[in-house]
Structures are given as structure tokens and as C-alpha cells.
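Enquirer: here is my input; please provide its structure:
(chains A and B)
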Amino acid sequence: MTSNDDELVARYLERLNAAASMLPPDSRTELIDEITAHIAEARAPGRTTFGAAPPSVREILDRLGDPADIVRAAAEPGFADPTAAAPGSGYPAGRPGQGAGTLEIFAVVFLLLGGVLLAIIGWFIGGIQLAGAAAIIGWLIGVVLLCVSPMWRPADKLLGVLIWPGGLLAPAIVLLLELTVAGQPTVCRSAPVVSGVSTTGQQSGGVTPHLAAACPTGGPNWLAIAVALAVLAVAVAGPVFTSIWLLSHAGRDTAAPSPELPTLVSA
Amino acid sequence: MRRGVLPYCVLAMLAEKERYGFELVQALSGIDGMVTGEGTIYPLLARLRRQGQVETSWQESTSGPPRRYYRLAPAGREALADFTRSWRKLRDSVDDLLTSSGEAPF
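Expert: Sure, this is the predicted structure:
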């Protein structure tokens, strides 16, 4: 028994304790006691039930499963599925205490806004370099909170990290770039590779005198503007969608109870 | 399907003799595909106890702290008997169906 093993066990039990905070106190205590006893039994010398080699602590904990799943099984009025989960039907959690807690809300906030807010703070303190570093840190805080939380499945966490890195910082940068190039030749002159756009650039008067004035050499390039808006919309929609998804899926179950056989364990 | 029978498998394992938690979990995880997270067995055991299907007692162990032993309560014995009847009928019907449709029964 090494101290690294002890630390693995301690961290697992911490996660279990955190996930179990939604349970009534006596259920929580009992569950934690039983899991602790299980781990101790599994680590006891002479335990060879897994096969020839004694099990490693990692194996023992992996076989126990995700603390979130264990707690979900304890919280279900019926009996939650300990076998392979049915493809995520995800019917609503709806139970008091389930769903996004403080940790989860902070995770989503940092994922979405951490990059932007810390970039702004960093900009004022130390210019663009600090802004860049601060932005990354802001988003990474969100990632860490996301991964630490026991309330999401691994697939949900992957979504939170992939779409998109930086949260709303990505569209903010896109917007900044678009605003600085508005009025520049790329927006105003017709894009040479796109056929069908007027090369004379003479737009019908009165539609957008402001844009026409900003584009003295020709009219505004509507295609470029449309593309820019579309890119911006997608860049914003991504993290917003992810945030809504994460908040609604915190603690959500993955399977509905089976009604087939006489239900011994049901509400 | 496995999810629905799991409580009854636990009861069946207790029908012969009483067992302690870790022992039950090990026996169940030996059945292929029955359990993915062993930890979820413990809430099931707690629920069976609350519903009066099983009873528990603490017994000293030579190799460590006292262990909680589970045994069938009368209500659990009855539930297991009911389940066994239903299961056998279902199993026979499904086997017949599979045979008549050309599949070999197993």
C-alpha cells in the first residue's frame, strides 16, 4: 500500500462525498461507509478474487464506477441502472438537489465568459500579452471546474471543452477583427474570386448611405458582410448552446426504469 | 432487462446463505455484463433493506472491522418465489417463440 494509492482512494471518496451531498444525511453516511469498507476489503492482503494478480487501487476504483453513478442509483426513487446505460434518453432530473449546483454554475460561467472577462482585465493591467494569457487562464478555470464536477457524463464534458475553446472569447475576437476590417478594401471592394458580385460596386443609392460612405471606392460587399455575420452567429451560438446543454444536463440520468418484470424495487 | 432482474439475482444469492456486501458484489460482477459499476450495488442493497426484502446484521471478522451481513427476510423470500414463477414462464415462452421462428434455444 503506497501513499499514492491512499491518495487515489482519498480523492475518490472526496468525489463520492461531494456527489452524495444531495442525499439525506443517513443515506449519505451509510453509502460512504459501505464504499470505504468495500475498498478496504478489496485492498486487503490475500484478496485474489479478481484473478491471479492482486487488484491495483486504480482497478478497484474503476470497477466501483463513477461516484456520480453510484449516487444517482441511491437518489432514484426506483432503482437506477447499474448495468450498461441505455442510450441517453435523459429524462429530466426533476428531483430536489439534482442538477446544477454552485460548482456547475461556476464551471459554465467560466467556460462561457472566463476568457472574455479575464482578457479585458488583463488588457487593462498589462496590455495585450497579459490579456492573451489571462484569457486562456479564464477559460481553463472553466475546463477544470467542468472536469472536477461529478454531475456530468464524460460525453457532456467533452462537449463543454470542444465547443468552443474560449467560450464567447472566440466570437468576441471574430467581432473585433470584423469591425476593424469594415471599411477596408476587403469588405468594400468586390471579392475577385466570387462571381456574380458586381465589379463596379455601384450599389443602388439610399439603401445604406452609411456603409456606402464608408466604402468610397465601391459599395459594401454584401457577400463578405453576410459571411462575416454568419461566422459570428455560429461563433456565438456554439458556446451558448453548450452552456444551455451543460446546465440542463447536470445530474441528468441516462436511463428510465424497466417495467418488464414484477417490479420489486420501485417507487 | 438485466436491470430489472438484478434485485432478484441479489435475493437469489441470499436464498442459500447470508452474505456480506463485498462478497455479493464480487459474485454479481462474475456474471458477464451484469454490472458495470460495482458501487451501485450498495444503494440497491440499502433499498432492499428499506423495503423489508432483506435484513442485515453485523458480524465480527477475523480480517478487519465488523462486516454487514445480508439475509433474506420473509417478504424477500416471497418476492423471490413470485419472480421465479414469472421468470420461468417468460423464459419458456420466449424460448418457444425463438424455437418456432427457427432460432435454436440455448
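
Enquirer: in the stretch 51-200 of chain A, what residue lies closest to chain B?
Expert: Proximity of the stretch 51-200 of chain A to chain B (CB to the nearest CB) peaks at A:Gly65, 2.4 Å away. Just so you know, the C-beta spots here come from the backbone N, C-alpha and C atoms, and that holds for glycine as well.

Enquirer: so that residue touches B:Ile41, yeah?
Expert: No: in this structure A:Gly65 lies outside contact range of B:Ile41 using CB atoms under 8 Å: 9.8 Å.

Enquirer: the more surrounded of these two?
Expert: Using other CB atoms under 10 Å in any protein chain shown as the criterion, A:Gly65 and B:Ile41 rank with B:Ile41 on top: 27 against 18.

Enquirer: how near is the closest residue to that one other than its chain neighbours to A:Ala40?
Expert: Leaving aside its sequence neighbours, B:Ile41 sits nearest to B:Val25 (CB to CB, 6 or more residues apart in numbering or on different chains; 4.9 Å). Applying CB to CB, to the nearest Å, the value for B:Val25 to A:Ala40 is 13 Å.

Enquirer: and A:Cys147, by the same measure?
Expert: For A:Cys147, the distance to A:Ala40 - CB to CB - is 27 Å.

Enquirer: again, but for A:Ser27
Expert: From A:Ser27 to A:Ala40 the distance is 20 Å (CB to CB).

Enquirer: ok, the two, which is more surrounded?
Expert: Looking at A:Ser27 and A:Ala40 with other CB under 10 Å, you find the greater number of neighbours at A:Ser27, namely 18 against 15.

Enquirer: mind pulling up the pLDDT for the more buried one?
Expert: For A:Ser27, the model assigns a pLDDT of 90.

Enquirer: secondary structure element holding it?
Expert: Take DSSP states H and E as the rule and A:Ser27 turns out to sit in helix A:25-43.

Enquirer: what do you get for B:Thr56?
Expert: strand B:54-61.

Enquirer: the residue nearest to B:Ile41 contacts A:His38, correct?
Expert: Yes: between B:Val25 and A:His38 there is a contact at 6.9 Å, judged by CB under 8 Å.

Enquirer: shared neighbours, the two?
Expert: In the contact map built from CB atoms under 8 Å, 6 or more residues apart in numbering or on different chains, the residues linked to both B:Val25 and A:His38 are B:38, B:42.

Enquirer: show me which helix runs longest in chain B.
Expert: helix B:74-100 (DSSP state H).

Enquirer: now it: mean pLDDT?
Expert: On average, helix B:74-100 scores 93.

Enquirer: in that helix, which residues are buried?
Expert: Buried residues in helix B:74-100, counting neighbours by 16 or more other CB atoms under 10 Å in any protein chain shown, are found at B:76, B:79-80, B:83.

Enquirer: closest one to B:Arg49 out of these, please.
Expert: B:Gly76 (9.7 Å; CB to CB).

Enquirer: please name every helix or strand in contact with the top helix by length along chain A.
Expert: Criterion DSSP H: the longest helix present in chain A is helix A:115-148. In this structure, helix A:115-148 makes packing contacts with helix A:102-109, helix A:154-162, helix A:169-181, judged by 3 or more CB pairs under 8 Å, 6 or more residues apart in numbering or on different chains; DSSP states H and E.
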